[in-house]
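K.L.:
Dropping a prediction and its sequence here:
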4 protein chains.
Amino acid sequence: MKGFASDNYSGAHPEVLAAMVAANAEHAAAYGADPWTARAQELLRGHFGEQAQSFLVWNGTGANVTILRAMCRPWHAVVCAASAHINVDESGAPEFLTGVKLLDLPTPDGKLTPELVRSAVIRVGDEHAVQAKVISITQSTEMGTLYTAEEIRALADLAHANGMYLHVDGARLANAAAALGLPLRAFTTDVGVDAVSFGGTKNGMVFGEAVVLLAPELAEGFQWIRKQSMQLASKGRFLAAQFVALLEDDLWLRSAQHANAMGARLATAVRDVPGVRLTQEHRANVVFAALDPAVTARLQQDWPFYVWDEATGEVRWMCSWDTTEQEVDAFAAALAGAVAVAA
Amino acid sequence: MKGFASDNYSGAHPEVLAAMVAANAEHAAAYGADPWTARAQELLRGHFGEQAQSFLVWNGTGANVTILRAMCRPWHAVVCAASAHINVDESGAPEFLTGVKLLDLPTPDGKLTPELVRSAVIRVGDEHAVQAKVISITQSTEMGTLYTAEEIRALADLAHANGMYLHVDGARLANAAAALGLPLRAFTTDVGVDAVSFGGTKNGMVFGEAVVLLAPELAEGFQWIRKQSMQLASKGRFLAAQFVALLEDDLWLRSAQHANAMGARLATAVRDVPGVRLTQEHRANVVFAALDPAVTARLQQDWPFYVWDEATGEVRWMCSWDTTEQEVDAFAAALAGAVAVAA
Amino acid sequence: MKGFASDNYSGAHPEVLAAMVAANAEHAAAYGADPWTARAQELLRGHFGEQAQSFLVWNGTGANVTILRAMCRPWHAVVCAASAHINVDESGAPEFLTGVKLLDLPTPDGKLTPELVRSAVIRVGDEHAVQAKVISITQSTEMGTLYTAEEIRALADLAHANGMYLHVDGARLANAAAALGLPLRAFTTDVGVDAVSFGGTKNGMVFGEAVVLLAPELAEGFQWIRKQSMQLASKGRFLAAQFVALLEDDLWLRSAQHANAMGARLATAVRDVPGVRLTQEHRANVVFAALDPAVTARLQQDWPFYVWDEATGEVRWMCSWDTTEQEVDAFAAALAGAVAVAA
Amino acid sequence: MKGFASDNYSGAHPEVLAAMVAANAEHAAAYGADPWTARAQELLRGHFGEQAQSFLVWNGTGANVTILRAMCRPWHAVVCAASAHINVDESGAPEFLTGVKLLDLPTPDGKLTPELVRSAVIRVGDEHAVQAKVISITQSTEMGTLYTAEEIRALADLAHANGMYLHVDGARLANAAAALGLPLRAFTTDVGVDAVSFGGTKNGMVFGEAVVLLAPELAEGFQWIRKQSMQLASKGRFLAAQFVALLEDDLWLRSAQHANAMGARLATAVRDVPGVRLTQEHRANVVFAALDPAVTARLQQDWPFYVWDEATGEVRWMCSWDTTEQEVDAFAAALAGAVAVAA
């Protein structure tokens, strides 16, 4: 049942699973006091810089929310795109666990701009209004688009000029790095990002994300935030060993490059199919298209994928580390066939 | 570095890991809409009865807290033993995520009695006071002691007579079943328990616990409670496959029986060492003892274990599915040696 | 320093204060178990119907949030206008105390429509998305506009068809009743409203609002919601006595009619001043206008009022129960003068 | 229906009500930006010292909880006596609004000691355990007992040595000052207290308490804490005017001295009645006694008062600013009569 539904429909990369199996020897201190965790933290410092303090957690919502808990008191607010995962796909966990309001801004492409953010940083000092404290962006975005390093620096500067933090939801940060052709730190640490949710699951891990804190004060008390948020794994070695496998010899980058390449191949293959209109500029590992609902229905009989917007008929095709050229080509052919039948 | 620190210092049972590896083929629908999850739920119904509605979660605190969220509104209270994991080892997650107060009662052995519970079910209908809504017990308890099926039934009857629920924190429910010689449902479903946190991690899983809801109304909205509590795994098959391995051919029971046997062997071996006093009747896979701090310090140089109570010098020795007879014997010998040196 | 800043810049109506003084005799049972509270509840039943269960609280945010707590679990969502008081003027109290997300919708006039609401009632049953549970409207709105009884019925029907509740923030419900020329129940109880925050403070009370629950199940546990939300007055008679004074001989209506009349007089007086453009159709006790910032600055030297939107220069002039014709006329003259100077 | 039920069964002192009436002139800026509030804050600085930053709130629970919100993050804990108002009479508001756990310690007299507190400051730095951050004491206590200035200093020193804060729930701080014969600051500011809930309601106000922050960092963000906790009065002048009346010419002290004197008169009058045993040393304005339930029942027919402990039959007799000598004497006589009938 392979398809283009999501990169979390994929399984785990064999090298990741092998690392888990290899870690299964003897006893190890629980809750992250183990050598695998120390090694994963060392590797993360290698990628994000020496100031990076990292905490491994179960899942992406866990990474995002624990970071927001570190950044905010309950009367603060988080500025984000309306399409942000924290806004629409975390069942209200950010509000529930932090108390804060999300100031969500409509965007055409999932990207915040300084101008948009400025429109939400209002009523500063007014006790009746929540106080904007965090700018949260997703990289690559839910729409597959990318922020350049310069764009991120501009948002970081804006944040800091207003006493705010910049958070990056990097569930697909690897895909962004691959697409930008930049080291991870070049568009995070080096341009002023304060904390990153660094994704593992969608890039071939069984489970697991890393909270990477770059502003040092955010680490104060973070261990309690993680534990109290129920994001602390007891047999931590199995979480850490996956990150070690991912980071030690650039498996993370190879997998992301492959997924992106499959996305590009797919975009190219479908771009000229009649009746198919790509709705976002392709950049990372996902393709968005406007499609006749009849075509969608026919195609979904054989290929799992999601309708992104019921109202407009926009669909999302997500590639993964395990997507093959054959699958892309077969899917493009099936699409062309479905369109032809519908015509 | 094997020792007697905790059953979460152990790794995963090889059969469990093998099941994860076997599940790593092709794509699978995310978030639990996969065949492994359906099979795990079926197996749990087999063990707990047809009314059992189960939800897989990351960890034990996650299971406990999501259940309390389903049972309580924020002005409710949870009656528990002072030594309960929810009271002392979850960093306040129950209070933080549910808002409720824990009414924690001192006990000599970690066990609630109807008489104790009655002392906490007071000021019913008084708007100034929190309203007791849940009795939460641990089986086997944090002290290694056990509730009989009859004792649990008495607590369930008391709960229901007062419009309350009975929750069982079963992080070590398997050890209890093995020690009691009873099927799981005989001391849960059949005696009126409303929900169980059924542990997997400490019984040989990499990670994962099952929320088993027995009172049908508790399932209403539970999927949002799980998601919003950040306890929903995206690649759910890897969590479910472990439960399938554990439950399909009684691996859960064999492992627990072994851990209990090692506990019994240890209790026997150390009972007559001079200067060692067992402080709890041994029942499951753990032994508590009062020890001279000098002996403790010497012994901990080679064997990891925890001091349970700094004030009294009480120590805890926990056996696991992977504890061997040789380790028990060597540890008992080392203890005798440390005592002799200190004398 | 009288002016047009807000109806909470006014003091208390003398009849209200006199009632508080009259209530100050002997002892009275605390926390609402007093005859004044019983009488206030009786009067509220008279206005809203026999099913009305009322709870007196300190302030408007308290009324709104306790009602939302009764209606929602934390994974629910509240659909409201972007300009709603709960969205922009309660410092995030709704999110903080209930955990829910507000789905705030831009409107030209502060009014929700069924079409707007439908756009927010999406992803029903999807565990990743918050579930819309409440439609919350303000009557009269923050923009001074009004819902007709029929418009409210349409929203109530829509709510109930989707398993949702309809809440009315009635901080200025009296002004709405006066403007509509309808009894309170005619556009609340009789058209399907489930709960009302019935305002007292802005209509001449020292402090105090009434939670009026019309859907009977909402009252379950409400006394704990009020107490735990810190909205239960200990010397409850002084809160209740004010409502008795307000409701017993239609002081509430006379005061609202007067405030509305002053609003109408003001709208008429300024409508034709050159350079002044009314930005909302006048209906209740408030006038919105677009004004040259230089005029605003000059006028504010003598007359307190608020700039509603810094970006557009829109200002708000609020009339109150104690606004006089002389003040309205003097203010209109001052406005004309300021405009002339600026020209 | 005067009696000895509670000092919140009393009405308001006539001077307080007169001050409210006097404040009812013209318009005043809302939300505390008025001259009465400025004057109340000035008077509070006079009593508590220049560093005192004060915020007026609706009620005692509001004062306590907003202070705890300022002192704590959700993984912290508050050490208090088991009998503390925050622990047993606030319907779980402290846990609900702050997320923290209360570490409640049994005491014979409602008073914490350094030794008791030390027993709760454990597992420092352990991420699995809540971290004790606040010592909260009540002065005078719920049992009518008093802390000396030296006892409070010892607790403050202990708190600060452990990076903790000392909070005083002073719902009856005036009674404590009167009983100790000390200025307010002598047993708060001058001995290291970090924040005080200074009670007004039980000392003759209609409603209202003052949060007095003595550690300067606690004021950061406090205005949002107050607003978001729904404790900000819109017509703030009416709250502040009461405090001005109370504080300007020592009405607070005269009222408290009177209530205490009535308590002493009552203790003396009943001490030697056969079958009556005083269960707490009388110090402030309350008397606790063990009484035959039959006597209690008979006496309550004419005189309202509370049974404090159903299990033991202990009763509480609370005096107030408006208790008269005649009432005390009549009640003592009625008690003697009821005892005689029962004998």
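P.N.:
Structure's in. What do you need?
K.L.:
alpha carbons only for contacts and neighbour counts from here, please
P.N.:
Noted.
K.L.:
Residue ranges in chain A under the pLDDT threshold?
P.N.:
Within chain A, the stretches with pLDDT under 70 are A:1.
K.L.:
Run a quick neighbour tally on A:Pro35.
P.N.:
Applying other C-alpha atoms under 10 Å in any protein chain shown, we find 15 residues neighbouring A:Pro35.
K.L.:
just checking, A:Ala261 touches A:Asn285?
P.N.:
Yes - proximity of A:Ala261 to A:Asn285 meets the contact threshold set by C-alpha atoms under 8 Å, at 7.3 Å.
K.L.:
of those two, who's got more company?
P.N.:
A:Asn285 (32 against 23).
K.L.:
what's the spacing between the more buried one and A:Thr323?
P.N.:
The gap separating A:Asn285 from A:Thr323 is 10 Å, by C-alpha to C-alpha, to the nearest Å.
K.L.:
can you check A:Ala269 too?
P.N.:
Distance of A:Ala269 to A:Thr323, computed by C-alpha to C-alpha: 15 Å.
K.L.:
Just want to know which of these two has more residues nearby.
P.N.:
A:Thr323 (23 against 17).
K.L.:
what residues are up against the residue sitting nearest the centre point of chain A?
P.N.:
Central residue of chain A (C-alpha atoms, centre = their mean): A:Ala171, 1.9 Å from the mean position. A:Ala171 makes contact with A:60, A:138-139, A:197-202, A:209, according to C-alpha atoms under 8 Å, 6 or more residues apart in numbering or on different chains.
K.L.:
could I get the residues you listed as a markdown table with neighbour count?
P.N.:
A markdown table is the format used below for the contacts of A:Ala171 (neighbours: other C-alpha atoms under 10 Å in any protein chain shown):
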| residue | neighbour count |
| --- | --- |
| A:Gly60 | 29 |
| A:Thr138 | 30 |
| A:Gln139 | 31 |
| A:Ser197 | 32 |
| A:Phe198 | 26 |
| A:Gly199 | 25 |
| A:Gly200 | 26 |
| A:Thr201 | 26 |
| A:Lys202 | 27 |
| A:Glu209 | 27 |
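K.L.:
which ones among the residues you listed are found in strands?
P.N.:
Judged by DSSP state E, the contacts of A:Ala171 include A:138, A:197-199, A:209 as members of strands.
K.L.:
Those residues of the stretch 51-200 of chain A touching chain D, which are they?
P.N.:
Residues of the stretch 51-200 of chain A lying near chain D by C-alpha under 8 Å from any C-alpha of the partner chain: A:75, A:127-128.
K.L.:
So which of the residues you listed wins on neighbours?
P.N.:
Busiest of these [other C-alpha under 10 Å] is A:Trp75, holding 28 neighbours.
K.L.:
distance of that one from D:Pro94?
P.N.:
Counting by C-alpha to C-alpha, the gap from A:Trp75 to D:Pro94 is 17 Å.
K.L.:
again, but for A:Ala343
P.N.:
Counting by C-alpha to C-alpha - A:Ala343 and D:Pro94 are separated by 65 Å.
K.L.:
quick one, helices of chain A?
P.N.:
Taking DSSP state H, the helices of chain A run over residues A:14-23, A:35-48, A:60-71, A:85-88, A:93-98, A:114-120, A:149-161, A:173-180, A:222-228, A:237-248, A:251-271, A:293-300, A:325-342.
K.L.:
show me the residues around whichever residue of the stretch 151-300 of chain A sits closest to chain C that make contact.
P.N.:
Per C-alpha to the nearest C-alpha, A:Ser229 is where the stretch 151-300 of chain A lies closest to chain C, at 14.9 Å. A:Ser229 makes contacts with A:62, A:66, B:93, B:229, as judged by C-alpha under 8 Å, 6+ apart.
K.L.:
Right, I'll call it a day here.
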